[in-house]
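1. Sequence unavailable; structure follows:
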């Protein structure tokens, strides 16, 4: 028994010593690796900085000539730099990557069995804004691993080829879709040329697809689609889609959005839709909305009254007058009722006071900014 | 005859205790191995994680950072200043001064030029105290809101913050916490990657004592000077960083620290906000969220991200540490009692069948077993129920195996995040892993048992006073510059 115990004790002591040695060993290895990488990266880093400082006019040959080991160490920094550069310098650095065969290798890796390698390759091709990779990246939108699909969508956004719009929209119509906000951002990155596709997709049977396309149209400023969006606001069966339609009508800011948004404020409509419509009227900036919003200040639903007050604040002078009138009406009412200063103000007056106070803070800030300017 | 029965009882009890420690440490080892795998997975994906894309996207979900504060004068300005400089596209900070008796509010007013606004506080989640006034920063009214209210406790303050939060995600942060610049981006990222399923995400909390802090940022990570805090550093690594990452990987995370966690606001409102009848309101919220979503049969995830981090000040005295640990254990006991219907209930999946039973057996009962071992083993030895070899085997399993677990945690930290770059700090960490077994674990068990009994008897929980050094210029000072309340 004692013998067995001794063995166990020795084994445990050994494992403890090995673990401590492993901790020290990892530290030593890291330091050595760090020093080696720092030495290898020093030359390429200087060459990269000189290249960027020259706006990419000189030095590309030096970068292409960097040896494999040194380039591998410097490549992450070069890719990071790529995202920060614009114009000629960006194009010149991309051409360095192309000459080094980075895009070619990445294209091959898009078919790797490793999902990490596929995702990394997609990331690189997106960074390089490689249009020739669009068909392969579109294929990855159907990858069985969600993390690969996410990177592929982001890459397509950076490349910005409108031809990918339908494939991205289609990738939303599956059991495990790419995240809606990511898809929206990507569709916006495709630019105004994607508007026709997005507008057509407002008739898509999948509600998520319609909501994403509405957001993308709103962010793109697609004023040509206002009537189609207004139709979605009136007729769509899904509340979330109608809320998205209201929000984006406000974002587009055209006069023709006033009527459908006003209709969406009807008392029979769901509270979330009415709140969204009230907010959108504030974004719209139409003075014609002031009286409609003022009526909503004493709405029973907190969110609707709150959004109406802040929409009035955003409408500027006429909105502030309506807010002031609501506060004044409350003061007169309290005076008539002899409620005195300690009476609890009505909900409409409370919302109006809050919006007015924030409006004053904003005005002060604006005034000070003007003085500084 | 009686002596034989007692001897037999002691023999069985000692064998049960021995087996318990084998199972306990093996479960820790399992969680740590899972955490190691998760860190490897995380690090391999860093190059294409897309944090920069998320930062640049106008559609990234905005976050309301809710900061309850009670007598946080020494560190509040540094903490809020650091929060205003987080790398995140759109967020607001809502500080709730929960009736502080020190200069917490005055310091904030002076620093951020606060101006009072008559905000209407919606009652989407219940709160019991009175909101006295709401203020916004004159230069940035959309970003910083400070609420003054009568004292009602942390959960009540959080509920006021939840009501005032304007954004779809709410991040709860302690007022004595310092966030890494990318902390919010990292902890909110899972909501962007998997918006339909992620319900909550916890961030790791590390110990700031001893670290160099400039402008509310931890710029140089160092081991603390006191051994009591060094031992806590190792404990945080093993239990919080590794343990919670392991649970996250298993799909059984039930604790998200109140010091740094992010939730979907709509879900928190749906379940009624923070519970004011328990001292562990942070973990209770997560368990209630699981309860709600499991009953709704919703596909959801509660996850944990290991980096970057929130930095917190750890207790430097036994008195304050004791109070903290009594409170933590009392919280566990209260939560398990409140949600006892979920325990071992297949309706709640992994939470009901694995996570909560684990918390009963290996968290709630662990200090009782540890103390029982300290009494029953010598007694068994004296009564002849066990021999010296058994005693040694127990020491090996309970303490030797425990030491190995802590060292493996240090090893994984060194391989993955290596936050402590100095050789001296590495050696101090190893020494703290050894020292933890001599006195610290035992006194911890006493406090935890007291905490569990506190929950059993329903005694009123007290926060008690804690010296705070703050994170400003005084962060490296040994002398406290103010008195706050440990929450």
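-> Thanks, I have the structure now. Since the model is a prediction, treat every value here as computed from it, not as a measurement. Residues are numbered from 1 along each chain as shown, chains lettered A, B, ... in the order given.

2. contacting residues for residue B:134?
-> Residues near residue B:134 by C-beta atoms under 8 Å, 6 or more residues apart in numbering or on different chains: B:116, B:117, B:118, B:119, B:121, B:145, B:146, B:147, B:148, B:164. Using the backbone N, CA and C atoms, a C-beta is placed for each residue, glycine as well.

3. Excluding covalently adjacent residues, which one is nearest to the fourth one?
-> Distances taken as C-beta to C-beta, 6 or more residues apart in numbering or on different chains put residue B:134 closest to residue B:119, at 3.8 Å, once the chain neighbours are dropped.

4. buried residues in the helix or strand that residue B:325 is a member of?
-> Element membership for residue B:325 (DSSP states H and E) is helix B:318-338. Residues B:320-336, B:338 are the ones in helix B:318-338 that count as buried (16 or more other C-beta atoms under 10 Å in any protein chain shown).

5. residues making contact with that helix?
-> In contact with helix B:318-338 (C-beta under 8 Å, 6+ apart) are residues B:228, B:232, B:275, B:278-281, B:283-284, B:287, B:314-315, B:343, B:356, B:359-360, B:363-364, B:367, B:443-444, B:447-452, B:454-456, B:461-464, B:466-467, B:486.

6. How about stretch B:227-240?
-> So stretch B:227-240 is contacted by B:28, B:32, B:204-207, B:209-210, B:223-224, B:257, B:314-318, B:321, B:405-406, B:409-410, B:413, B:428-429, B:431-433, B:435-436, B:440 (C-beta under 8 Å, 6+ apart).

7. Which strands or helices does the helix or strand hosting residue A:211 pack on?
-> Element membership for residue A:211 (DSSP H and E) is helix A:207-220. Helix A:207-220 is packed against helix A:165-172, helix A:180-189, helix A:195-200, helix A:226-235, helix A:239-252, with contacts defined by 3 or more C-beta pairs under 8 Å, 6 or more residues apart in numbering or on different chains; DSSP states H and E.

8. what do you get if the cut-off is 6 Å, keeping everything else the same?
-> helix A:165-172, helix A:180-189, helix A:195-200, helix A:239-252 (3 or more C-beta pairs under 6 Å, 6 or more residues apart in numbering or on different chains; DSSP states H and E).

9. and residue B:208, what is it in contact with?
-> With contact taken as C-beta atoms under 6 Å, 6 or more residues apart in numbering or on different chains, residue B:208 is in contact with B:311, B:313.

10. Could you do residue B:354 as well?
-> Per C-beta under 6 Å, 6+ apart, neighbours of residue B:354: residue B:252.

11. tally of neighbours for residue 18?
-> Chain wasn't specified; assuming chain A. By other C-beta atoms under 10 Å in any protein chain shown, the residues close to residue A:18 number 13.

12. let's do chain B instead
-> 19.

13. Now it: which helix or strand?
-> Applying DSSP H and E, one finds residue B:18 within helix B:2-45.

14. Quick check: nearest residue in space to the most centrally placed residue in chain B, chain neighbours excluded?
-> Geometric centre of chain B, nearest residue: residue B:257, 3.2 Å, by C-alpha atoms, centre = their mean. Of all residues not flanking residue B:257 in the chain, residue B:205 sits nearest, at 5.1 Å (C-beta to C-beta, 6+ apart).

15. For beta bridges, what are the partners of that neighbour?
-> For residue B:205, the beta-bridge partners under DSSP bridges are residue B:310.

16. I'd assumed residue B:310 was in contact with it.
-> Yes. Taking contacts as C-beta atoms under 6 Å, residue B:205 lies within contact range of residue B:310: 5.1 Å.

17. Could you confirm whether the longest helix out of those in chain A reaches chain B?
-> The single longest helix within chain A, with elements called by DSSP state H, is helix A:2-53. Yes. Remark: helix A:2-53 sits within contact range of chain B at A:5, A:12, A:16, A:19, A:20, A:22, A:23, A:26, by C-beta under 6 Å from any C-beta of the partner chain.

18. Let's have those residues in a markdown table, adding neighbour count and pLDDT.
-> Conversion of those to a markdown table gives the following (neighbours: other C-beta atoms under 10 Å in any protein chain shown; pLDDT from 0 to 100):
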| residue | neighbour count | pLDDT |
| --- | --- | --- |
| A:5 | 15 | 67 |
| A:12 | 16 | 83 |
| A:16 | 18 | 90 |
| A:19 | 19 | 94 |
| A:20 | 18 | 93 |
| A:22 | 16 | 95 |
| A:23 | 22 | 94 |
| A:26 | 17 | 95 |
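
19. For my notes, confirm residue B:304 occurs in a strand.
-> Yes. Counting by DSSP: H, G, I helix; E, B strand; the rest coil, residue B:304 is found in a strand.

20. what about it, how many neighbours?
-> By other C-beta under 10 Å, the residues close to residue B:304 number 27.

21. follow-up on the earlier one: residue B:205 and residue B:310: which is more packed in?
-> In terms of neighbours (other C-beta under 10 Å), residue B:310 is the more surrounded of residue B:205 and residue B:310; the figures are 25 against 22.

22. what sits against the residue nearest to residue B:257?
-> Residue B:205 sits next to B:257, B:259, B:260, B:310, B:312 when contact means C-beta under 6 Å, 6+ apart.

23. From residue A:182, how far out is residue A:171?
-> In this structure, residue A:171 and residue A:182 are 10 Å apart, going by C-beta to C-beta, to the nearest Å.

24. ditto for residue B:153
-> 39 Å.

25. quick one: which of these two has more around it?
-> Neighbours per residue (other C-beta under 10 Å) separate residue B:153 from residue A:182, with residue A:182 holding more: 26 against 21.

26. For the residue lying closest to the more buried one once chain neighbours are set aside, which residues are in contact?
-> Closest residue to residue A:182 apart from its sequence neighbours, by C-beta to C-beta, 6+ apart: residue A:153 at 5.6 Å. When contacts are counted by C-beta under 6 Å, 6+ apart, residue A:153 touches A:178, A:182, A:186.

27. one more time with 10 Å
-> Contacts for residue A:153 (C-beta atoms under 10 Å, 6 or more residues apart in numbering or on different chains) come out as A:122, A:126, A:137-138, A:140-141, A:164, A:167-168, A:171-172, A:178-179, A:182-183, A:185-187, B:50.

28. and if you look at residue A:194?
-> So residue A:194 contacts A:160-166, A:168-169, A:186-188, A:201, A:213, A:216-217, A:220, A:222 (C-beta under 10 Å, 6+ apart).

29. Kindly recompute the last result at 8 Å.
-> Residues counted as contacts of residue A:194 (C-beta under 8 Å, 6+ apart) are A:162, A:165, A:187, A:216, A:220.

30. what's the overlap in contacts for residue B:205 and residue B:310?
-> Taking C-beta under 8 Å, 6+ apart as the contact rule, residue B:205 and residue B:310 both touch B:177, B:257, B:259, B:260.

31. what's the most distant pair in the residues you listed?
-> Using C-beta to C-beta, the two most remote members of those are B:177 and B:257, lying 9.4 Å apart.

32. Below-threshold pLDDT in the stretch 1-150 of chain B: ranges please.
-> By pLDDT under 70, the weakly predicted segments of the stretch 1-150 of chain B are B:1.

33. tell me the least confident of the contacts of residue B:205?
-> Least confident of the contacts of residue B:205 in the model: residue B:259, at 86.

34. if we can go back for a sec, quick one: contacts of the helix holding residue A:211?
-> Residues from elsewhere that reach helix A:207-220 (C-beta under 8 Å, 6+ apart): A:169, A:172-173, A:177, A:180, A:183-184, A:187-188, A:191-192, A:194-195, A:198-199, A:201-204, A:225, A:229, A:232, A:236-238, A:240-241, A:244-245, A:247-249, A:251-252, B:58-59.

35. Compute the inter-axis angle for it and helix A:239-252.
-> Using axes from the mean of the first three to the mean of the last three C-alpha atoms, to 10 degrees, the inter-axis angle of helix A:207-220 relative to helix A:239-252 is 10 degrees.
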